[in-house]
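K.L.:
fold the following and give me the result.
(6 chains)
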Number of protein chains: 4
Amino acid sequence: MRADAQRNLARVLAAAEEVLTRDGLTASMRTIAGHAGVGVGTIYRQFPTKEALYQAIVMDRQRRLAEEAQALFTAADPGAALFSFFTRIVEDATVKKVFADALAGTGIDVKAATAGTYDIRGAVETLLTRAQRAGAVREEVGMAELLALLTAACLAAQHQGWDEELRTRTLAVMFHGLRP
Amino acid sequence: MRADAQRNLARVLAAAEEVLTRDGLTASMRTIAGHAGVGVGTIYRQFPTKEALYQAIVMDRQRRLAEEAQALFTAADPGAALFSFFTRIVEDATVKKVFADALAGTGIDVKAATAGTYDIRGAVETLLTRAQRAGAVREEVGMAELLALLTAACLAAQHQGWDEELRTRTLAVMFHGLRP
Amino acid sequence: MRADAQRNLARVLAAAEEVLTRDGLTASMRTIAGHAGVGVGTIYRQFPTKEALYQAIVMDRQRRLAEEAQALFTAADPGAALFSFFTRIVEDATVKKVFADALAGTGIDVKAATAGTYDIRGAVETLLTRAQRAGAVREEVGMAELLALLTAACLAAQHQGWDEELRTRTLAVMFHGLRP
Amino acid sequence: MRADAQRNLARVLAAAEEVLTRDGLTASMRTIAGHAGVGVGTIYRQFPTKEALYQAIVMDRQRRLAEEAQALFTAADPGAALFSFFTRIVEDATVKKVFADALAGTGIDVKAATAGTYDIRGAVETLLTRAQRAGAVREEVGMAELLALLTAACLAAQHQGWDEELRTRTLAVMFHGLRP
DNA sequence: CATGAATGAGGTTTCATTCAT
DNA sequence: TATGAATGAAACCTCATTCAT
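P.N.:
Numbering: from 1, shown residues only, chains lettered A, B, ... in the order given. Reported below is the predicted structural model:
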């Protein structure tokens, strides 16, 4: 890839993350292009569709989160590891409208593109299993409800603008509910 | 207000609830007017803005929920009363896109108009206080996190289409987290 | 239909005929709307699609031609009647790009909408049959080649801008070819 | 001209003929460049404009046809020679969208560039004169109407997708019209 | 000299809102 | 008063053309 193309791709991704993060899916392509300092055509060269750009942003996010999860697989305290990852995701969602939108599936089906690429779900499952083996989480808690809780927290955090204290207190209740 | 105007107001509200509930904020004014069997101008006579109509629907919902809450104030088991009301709200949200949208603030800020009119917050507070007095909920749980949990559950239930089992299991974890 | 709507519909059709007639399918909706003195939305109210507007223009044309044909069914000289109708259509096409486009099917399939509504084909067939019975046209000439000749003349007349003399001379050769 | 430049010119022309022939003027420069295996810039080095490329294709076609005509100048049967050349051109047009488009002037005015370069007109004139001298074509038929007939047949053949039978029958009528 | 990334005007279409009827 | 036709800004996307690499 040419040097200028690479530079522009980076600028587009940065602008898209910033704008989509702030405004969600309502952000127009022109706004994103404006923030990146490029023409709309430049975005369309890399991403054939608004949806494709959006998915790229979300996938990038998932990749980074999946890496963070991996680092926690070998943590000394499995319970703390799960709760820490959970908190980490919610912290992100608090200020990033895209991810909440993505989790919510508002308008665009993001599952298709992200499925199986970076496996957040698998990462959470590993962390859950380890936490249960360590006795930090009740045996009867399943993946389905854990993910439901996670999604719920992300959506609400984004939209209501949870501050740090509220996030801490609300997650504390959820974590209390997960423990034996 | 003339009789026909009153009838039209009712029809508009009913149609708006049905259509917004099904399609969320993407529903167009023409679609709503069509379902109500009136012209768009008739809607604009009552509601100066799409946002205003939308707020009216949400307020109406809140009014009804507040009434249901009131009926639970004197229930024999205060813990069950709180959990039952909580479940009731989430059940609704599962199939009503508007309320989740409203809670999520997608596109329209609904807080301004609804704040303080019908006091869902007050109702929940009463139920919480009674449940805590009865020892069914931990003392240190505050209103802020209780409402945050409620919002979170509503948003996720709608967006992910929680079925009955998932709803039961997820709320079970939340309720477990609220109990001593 | 309301009076203003009817007036605007007429203006839109007139403008569309003028502009599409001159520029063919490349004419933009904004240009047409500008000529009509209305907003683009006004056109889209009546015609859900650019194609639909285009078809309306073409159908209107076909209707008028079908009427002219009908008047010739009882003409004293069946041979002259056929040739006269043939000439009439080509004259039109000489200055109307739409009809040449329509016959050519450039970009838009107009057959679907116009088929069977106003039966130009049927009219020509009637005129041909009468001319053949009167001995003015050879028996072995079929509808297929007659329509092919007609289409060919229209397309070429439009695009090359046949003047009256060229039209007369060229059609003279065609008519000579049809006669015994 | 450097060897590689010459090779590229040939590839561009071949690709352009193939693609324009198939898709007509709607074909994009990128599609043509892709088929040629070069970048769009390479095309623009040789042809300042899409129109220029297009004209080059059409001119090339005309050159080849002019050569074929030349070969017929000394044919034994001058009438058959004219009709054969006529048929030959129409056959081509039946499957080549460019030439019909070119003749039809869809979007681009091709006359300017092609006029007088390769003298199709002169070739036809020679064939016509010989045919008239041999008594195979009426004396009063002029070049103007002969070319008009030719154009007309090409346009209609392409646009309507004349099959072999229809082409034969329609040209038969035209030829009958030309004969004494 | 070849490449193809970048540009941005322009295309069609939708829809909240206004206002003549 | 109710209607729905009219408005026109704004959305997404394409593509001929230019120019940095």
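K.L.:
pretty sure residue A:16 sits against residue A:55.
P.N.:
No. Using Cβ atoms under 8 Å, residue A:16 is not in contact with residue A:55; the gap is 10.8 Å. (C-beta placed from N, C-alpha, C; glycine too.)
K.L.:
okay, domains of chain A per the record?
P.N.:
Here the domain parsing of chain A from automatic domain parsing is A:1-46, A:58-178.
K.L.:
who in chain A is up against chain B?
P.N.:
A:24, A:26, A:100, A:103-106, A:141-142, A:144-145, A:148-149, A:151-153, A:155-157, A:159-160, A:162, A:166, A:169-170, A:172-178 (Cβ under 8 Å from any Cβ of the partner chain).
K.L.:
can you rerun that using 6 Å?
P.N.:
Neighbours of chain B within chain A, by Cβ under 6 Å from any Cβ of the partner chain: A:104, A:144-145, A:148, A:151-153, A:155-156, A:159, A:166, A:169-170, A:173-174, A:176-177.
K.L.:
quick check: longest helix of chain A.
P.N.:
Secondary structure of chain A per DSSP state H: the longest helix is helix A:50-72.
K.L.:
wait, does it contact DNA strand E?
P.N.:
No. Helix A:50-72 lies apart from DNA strand E when judged by Cβ under 7 Å from any atom of the strand; the minimum separation is 12.2 Å.
K.L.:
output stretch A:75-87 as PDB, nothing but the C-alphas.
P.N.:
Extracted C-alpha coordinates of stretch A:75-87, given in PDB (Å, rounded to 0.1, in the frame of the first residue of the first chain):
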ATOM      1  CA  ALA A  75      -4.100 -14.000  36.100                       C
ATOM      2  CA  ALA A  76      -3.600 -15.200  39.600                       C
ATOM      3  CA  ASP A  77      -7.100 -14.400  40.700                       C
ATOM      4  CA  PRO A  78      -9.600 -15.700  38.100                       C
ATOM      5  CA  GLY A  79     -12.600 -14.000  39.800                       C
ATOM      6  CA  ALA A  80     -10.900 -10.600  39.700                       C
ATOM      7  CA  ALA A  81      -9.900 -11.200  36.100                       C
ATOM      8  CA  LEU A  82     -13.400 -11.800  35.000                       C
ATOM      9  CA  PHE A  83     -14.800  -8.800  36.800                       C
ATOM     10  CA  SER A  84     -11.900  -6.600  35.700                       C
ATOM     11  CA  PHE A  85     -12.500  -7.500  32.000                       C
ATOM     12  CA  PHE A  86     -16.200  -6.900  32.400                       C
ATOM     13  CA  THR A  87     -15.500  -3.500  34.000                       C
END
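K.L.:
now do the buried residues in that stretch.
P.N.:
A:78-79, A:81-83, A:85-87 (16 or more other Cβ atoms under 10 Å in any protein chain shown).
K.L.:
so which of residue A:16 and residue A:55 has more stuff around it?
P.N.:
Set residue A:16 next to residue A:55 and count neighbours by other Cβ atoms under 10 Å in any protein chain shown: residue A:16 wins out with 26 against 21.
K.L.:
quick one: mean pLDDT over the helix or strand hosting the more buried one.
P.N.:
Per DSSP states H and E: residue A:16 is located in helix A:3-23. With pLDDT averaged residue by residue, helix A:3-23 scores 90.
K.L.:
thinking again about what came up before, any common contacting residues for residue A:16 and residue A:55?
P.N.:
Residues touching both residue A:16 and residue A:55 (Cβ atoms under 6 Å, 6 or more residues apart in numbering or on different chains): none.
K.L.:
so which of the domains of chain A is the most packed in?
P.N.:
domain A:58-178 (a mean of 19; mean count of other Cβ atoms under 10 Å in any protein chain shown).
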